[in-house]
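Novice: next come a sequence and a model predicted from it.
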Amino acid sequence: MPVTLKDIAEKTGVSASVVSTVLSGRDNGTFVSEGTRRKVLLVAEQLHYTPVRAGRPRGSRRLRRQHTEQFIGVWDADYNPGSAYLVQNLQVALRDYAREQGEEAVDDFGLRLLTSDDLPRLDAVGIMGIILLSSLPLPREAATAGTPCVMVGEIDNPPREFIQVHADNVAAGALVGEYLWSLGHRQITFLAPSATPRVTGRRLAGLRNAWTGNECHADHVMHHPYDTLKTLGEREQVRRVVLQLFGPDAPADNRPTALVCNDENVAAIAAQTLAEVGQHVPQDVSLTAFGDTPRLAEALTPPLTVIRLPVAALAKAAIAALYELHDAETADAVTERDHSLSVQLVTRASCASPRHV
C-alpha cells in the first residue's frame, strides 16, 4: 500500500496537518519548527513517500516548494566526460537564464546530480524538474508523475509532459557522410548502439542520404550496433565489432574504409583496437565521431574529425524549456516540444582519402 501522510505523522509523532504543511511547502497557518521540518522530510525519504495527485491536472502548477531549497535534477544512466561537459554548460545556462529574466522573476534552483537511490523519492528530495542527459528514458522506478522532464536528446513517442532538445541528427549524419564521400570513401560503417534507436536511426538516415544523393546504394553504409551483448562493457563490445571488421579473420574484400562512431569514447576504443591489428588511422581507415568534448577529440592520435554538437546552445534551450514547463498552467500550454539545433563539421587529421582513390 502507498505511504500516507498519516503513516509519516505516526512515525514522527506529529499531526497529519504538520506533515502536510512540510511536504506541500504551503503556508496554511500551521507553524513548523526547523527541527520538525527536517524530521518529517527524513521520515518521508525513509518511507519512500510519493504524493498522490488525484484531482490535479497533469501539467498544472504542481511544483510547490517542499524544502527551503529545491533542485533541478540531472540524470544520466552512463555518466561520462561528455556528461560532465554538458553539466558545466547547464550551470552556466542556469545562471544566465536567471540574469536575463531578472533574479526576482526566477526561483533560485540549483543543479543536483541524481543517483539511483534518488529516483523513487524525487518529491521528498525536492526536485522541481529533471533534465535527462541522454536519449534514454528514466528508469521505471523514478517517481515522475507531475515532474516535468527535458531530455537533451530524442526518443520516439515522448510523454506529454516532456520536451526534447537535441542536435539535428539527420543533418549531422548527412554532413559527415558528404565529407567522407568527397574524400572518396564508398564503403563505410557506423558504430552506434541499438539502445538509442531514434538517434542512431536518424544519424544513419543522414549518412545514407549522402550516398543516395550521389546515386550510390544506401547499403554501402553499414550499421554495426555494438551493444548486442549486454553482459560485456562498452569497451569490449566495441573491440569485438572492430575485430570482426578488421581482425586477422575478417574478410579482406568489401572492408569499410571509414568508421563513423557514436561518440568520442567509441572512436578512442576503435582507434586502439585498429592499432592492435596493424590498421593505421587515417592511412588504412578514416575515423570520425559525433561530439567534440574539449581536450578529448583533439587529444587522440591523430586528432579526431567530429560533428561538433551545440552543447552550450543545447544547455541554454534545456534550461529555458524546463522553466517553461515549470511555469505552465497546463501541459497543453507548452506548444514547442521538440527543439532541433544545427551542428558543425570539424575536420582534423583522422580522415583522408582511401588508398585506392
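Specialist: Perfect, I can see it now.
Novice: drop to CA atoms for contacts and neighbour counts, all remaining ones
Specialist: Will do.
Novice: is Ala289 in contact with Cys261, as I believe?
Specialist: Yes. Between Ala289 and Cys261 there is a contact at 4.4 Å, judged by Cα atoms under 8 Å.
Novice: helix or strand: which one has the spatially most central residue of the chain?
Specialist: By Cα atoms, centre = their mean, the mean C-alpha position of the chain lies nearest to Ser134, the distance being 1.7 Å. Taking DSSP states H and E as the criterion, no element holds Ser134; it sits outside all helices and strands.
Novice: between Ala289 and Cys261, what contacts are shared?
Specialist: Counting by Cα atoms under 8 Å, 6 or more residues apart in numbering, the contacts common to Ala289 and Cys261 are Ala267.
Novice: can you give me how far the strand or helix carrying Ala205 is from the chain middle?
Specialist: Using DSSP H and E, the secondary-structure element containing Ala205 is helix 197-213. Average the C-alpha atoms of helix 197-213, do the same for its chain, and the two points are 20 Å apart (Cα atoms, centre = their mean, to the nearest Å).
Novice: one more: stretch 116-123?
Specialist: Offset of stretch 116-123 from its chain centre (Cα atoms, centre = their mean): 18 Å.
Novice: and Tyr323, how close does it get to Leu341?
Specialist: 19 Å (Cα to Cα, to the nearest Å).
Novice: kindly apply the preceding question to Arg121 instead.
Specialist: Where Leu341 is concerned, Arg121 sits at a distance of 33 Å (Cα to Cα).
Novice: over to Ser135?
Specialist: Distance, Ser135 to Leu341, using Cα to Cα: 15 Å.
Novice: cool, and Gln91?
Specialist: Shown here: Gln91 relative to Leu341, a distance of 20 Å by Cα to Cα.
Novice: same deal with Leu111?
Specialist: Using Cα to Cα, one obtains 23 Å as the distance from Leu111 to Leu341.
Novice: how near is Thr189 to Thr257?
Specialist: Looking at Thr189 against Thr257, where the rule is Cα to Cα, the gap reads 8 Å.
Novice: same check on Leu304?
Specialist: The spacing between Leu304 and Thr257, counted by Cα to Cα, is 16 Å.
Novice: which one of these two has more residues nearby?
Specialist: Taking other Cα atoms under 10 Å, Leu304 and Thr257 do not tie; Leu304 has more neighbours (27 against 24).
Novice: what sits against the more buried one?
Specialist: Listed by Cα under 8 Å, 6+ apart, the contact partners of Leu304 are Leu287, Thr288, Ala289, Ala297, Glu298, Thr347, Arg348, Ala349, Ser350, Cys351.
Novice: cool, and Pro193?
Specialist: Thr200, Pro225, Tyr226, Asp227, Asn262.
Novice: how about the nearest residue to it, chain neighbours excluded?
Specialist: Taking Cα to Cα, 6 or more residues apart in numbering, and ignoring the residues beside it in sequence, Pro193 has Pro225 as its nearest neighbour in space, at 4.8 Å.
Novice: you'd agree the one you found is up against Pro197?
Specialist: No. With contacts counted by Cα under 8 Å, Pro225 stays clear of Pro197, the gap being 10.3 Å.
Novice: after the host helix or strand of Leu314 comes which helix or strand?
Specialist: Using DSSP H and E, Leu314 falls within helix 311-327. Downstream of helix 311-327, the next assigned helix or strand under DSSP H and E is strand 338-341.
Novice: partners of the next helix or strand after that next one in the sheet?
Specialist: On the C-terminal side of strand 338-341, the closest following helix or strand by DSSP H and E is strand 344-346. Strand 344-346 has its sheet partners listed here by DSSP bridges as strand 305-308 (antiparallel).
Novice: now the strand it pairs with: mean pLDDT?
Specialist: Averaging pLDDT along strand 305-308 gives 98.
Novice: contact partners of that strand?
Specialist: If you take Cα under 8 Å, 6+ apart as the criterion, strand 305-308 is touched by 172, 176, 287-292, 297, 343-351.
Novice: what's the single longest helix in this protein?
Specialist: Counting residues, the longest helix found in the chain (DSSP state H) is helix 81-101.
Novice: tell me which residues of the helix or strand following it come out buried.
Specialist: The element immediately downstream of helix 81-101 (helix or strand, assigned by DSSP H and E) is strand 110-113. Of the residues in strand 110-113, Leu111, Arg112 count as buried by neighbour count, 16 or more other Cα atoms under 10 Å.
Novice: show me what the mean pLDDT comes to for strand 110-113.
Specialist: Per-residue pLDDT over strand 110-113 has a mean of 87.
Novice: partner strands of that strand, with direction?
Specialist: The pairing partners recorded for strand 110-113 under DSSP bridges are strand 71-75 (parallel).
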